[in-house]
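Participant: I'd like to go over a predicted model; first the sequence, then the structure.
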Amino acid sequence: MRLATALRAGAATVLAAGVALTGLGPALSAASSHREAPLIAADPAADNTDLYAFVSPERPGYVTFIANWQPFEEPNGGPNFYPFATDAVYTINVDSDGDAKPDAVFRWTFTNVDKRGGNTFLYANGPVTSLDDENLLFRQTYTLESSFHGEPFKTRITGAPVAPSRVGAATMPDYAKLRADANKRLPGGWNVYAGQADDPFFLDLRVFDLLYGGDLSEVGRDTLAGYNVNTIALQVPFTDVALKGDPKRNPVIGVWTTTERAKTRLTGPSNGSADIRSAERVQVSRLGNPLVNEVVVPAGLKDAFNAIGPDQDAGIPAVVQRVTDPELPKLIEGIYKVPAPAAPRNDLTEIFLTGITTKGDGPIKADLNSQLNNADASPASFRPSEMLRLNLGVPVTAQPSRLGVLGGDLQGFPNGRRLTDDVVDISLQAVEGAAQTGKLVDALAAGDKVDANDNAFSGEFPYLALPNVSAAGKDVAAGPSPSAAAAQNPQTKPSAFESGTGMTAVTVGASALAAGLGATLFVGWWRRRRTPLS
């Protein structure tokens, strides 16, 4: 009852935004999906790493999806660096009615333009000052197609430029310009970007060394600092993804990404993507909520999970059992003697499989981010499934908290996922039942001691920091150094994720909420042009 009372104190403000919150209970969050399954670990170009979905902070009425692939891109990884696969199909899927099938599909395919031939091994043979610079010997373009409600795919843009891998200052003296040139505004108000970026996820991955060394001595190192990823970012109006085009009546969407490859793959060079679009394909990677396949799903089912759609999740008892009786609390109990909460964990079922709603007879007495909360959704067609769910009606927070709802910020994870949400620290608490007790577990209060990304985010689409150019894998302290971040990633505006500039505030009894919830969610321009190398 304490949780419900805390939320009711600010319910009127949220109701004005079309979001009915009468209480909020426990949920499960997660971290990242880097090399999470045996087969996809050997196919990094097709490996989804993270998915983010959030209301665009500087553009009212628009939602942003950011999907990343190819984990652990070391900046010095030439001469080929890190292209998207031309024999793969990359998708972002949106379910607006809760039947676990996509109502909107956004599909990318990529093409190589390789002029190196037998002449050179270089990616570029002189300074690159534009995306069509003759010195850029290897480049990629993409085609973006979309399909709504099962209709045939429609081409939105073709031949669009991909921002290249960032080779270094001598080759690409103004990478920020290259990124800006790769940002494309499409009809309908869409923004789209494809190219390399700093990996935005931050955490200490030494959790796999028997949970941080067995005594929490292995914390405080941002494992992903200095690494890059391949990213696709898309910004579209709410009306394009909401059920019946009505985000006021139907504000909740579910999102996941996939990668597909042809069932039969041919070796050898290929510059075209037309073949893969028409080929019979198989899904090889999937991502919704982060870390589900990495930590929740057991090793023997990881490849299978990557191959199925959300509509099949509830029909696999072994996966459902890992949600209702998760492994991680038992490991923590064995190592740190912190008692594991009793199973079944029906609280975790809501966040993974149904979203938070009072309409599903679950333990969380709130209506936040389940498609069942959409006025025009059919309960008879609803199917429990794993996906990242987002309520588009929750106003952008004036002062975002890295702890999301734990910090009194209802727009944070698991209501979608923003770049600055610290899902690991939340997870370590919630998996231990802090959501049930309303108290933090003191032994784990410091989390992994990585509280922010190593590079600052931008306040404009596509928000991500520019790719790193220094060697990755250093034992660096967590959090961005202001001077280093400015040099590495010059920005034209402060990040709305961090400063709250231009935000619309929502007050929902934040101080009472933070206290009551405890740990409720687990979860220069180049001055002269040099002569090209001969």
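Facilitator: Sure thing, it's come through. Numbers count the residues shown, from 1 in each chain.

Participant: And the strands in the stretch 251-400 of the chain?
Facilitator: Ranges of strands in the stretch 251-400 of the chain, per DSSP state E, counting those that start in this stretch, are 252-262, 281-287, 388-391.

Participant: Could you identify which of these is most buried?
Facilitator: Compared across these, strand 388-391 shows the largest average neighbour count, a mean of 27 (mean count of other Cβ atoms under 10 Å). Any C-beta I mention is one placed from the backbone N, CA and C, and that applies to glycine too.

Participant: Report pLDDT for the nearest residue to residue 287 once chain neighbours are set aside.
Facilitator: The spatially closest residue to residue 287, leaving aside those adjacent along the chain, is residue 48, at 3.8 Å (Cβ to Cβ, 6 or more residues apart in numbering). At residue 48 the predicted local confidence, pLDDT, stands at 89.

Participant: in the sheet, who's paired with residue 48?
Facilitator: residue 69 (DSSP bridges).

Participant: ok so, going back, can you lay out the strands of the stretch 251-400 of the chain as TSV showing mean pLDDT and distance to residue 405?
Facilitator: Listed next are the strands of the stretch 251-400 of the chain as TSV, based on pLDDT from 0 to 100; distance: least, Cβ to Cβ, whole Å:
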stretch	mean pLDDT	distance to residue 405
strand 252-262	94	16
strand 281-287	88	22
strand 388-391	96	12
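
Participant: can you put these in JSON lines and add distance to residue 460?
Facilitator: What follows is the strands of the stretch 251-400 of the chain, written out as JSON lines (distance: least, Cβ to Cβ, whole Å):
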{"stretch": "strand 252-262", "distance to residue 460": "22"}
{"stretch": "strand 281-287", "distance to residue 460": "25"}
{"stretch": "strand 388-391", "distance to residue 460": "20"}
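
Participant: quick one: which of those strands is nearest residue 208?
Facilitator: Comparing those by their distance to residue 208 (Cβ to Cβ), the top pick is strand 281-287, with 18.8 Å.

Participant: May I have that closest one exported as CSV, CA atoms only?
Facilitator: Taking Å, rounded to 0.1, in the frame of the first residue of the first chain, the C-alpha atoms of strand 281-287 are listed here in CSV:
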residue,chain,number,x,y,z
ARG,A,281,15.8,-15.7,-44.7
VAL,A,282,16.2,-16.9,-41.2
GLN,A,283,16.3,-14.8,-38.0
VAL,A,284,19.7,-15.0,-36.3
SER,A,285,19.5,-12.3,-33.6
ARG,A,286,16.9,-10.6,-31.6
LEU,A,287,16.8,-8.0,-28.8
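
Participant: Pull up the pairing partners for it, direction included.
Facilitator: Applying DSSP bridges, strand 281-287 is found paired with strand 252-262 (antiparallel).

Participant: what's the closest of the strands of the stretch 251-400 of the chain to residue 237?
Facilitator: Nearest to residue 237 among the strands of the stretch 251-400 of the chain is strand 252-262 (12.4 Å), distances taken as Cβ to Cβ.

Participant: all strands for this protein, in order.
Facilitator: Assignment of strands within the chain using DSSP state E yields the ranges 48-55, 62-73, 88-95, 104-114, 138-148, 154-161, 184-185, 191-198, 228-237, 252-262, 281-287, 388-391.

Participant: contact partners of the shortest one?
Facilitator: Contact with strand 184-185 is made by 157, 160, 191-193, as judged by Cβ atoms under 8 Å, 6 or more residues apart in numbering.

Participant: This completes my enquiry, with thanks.
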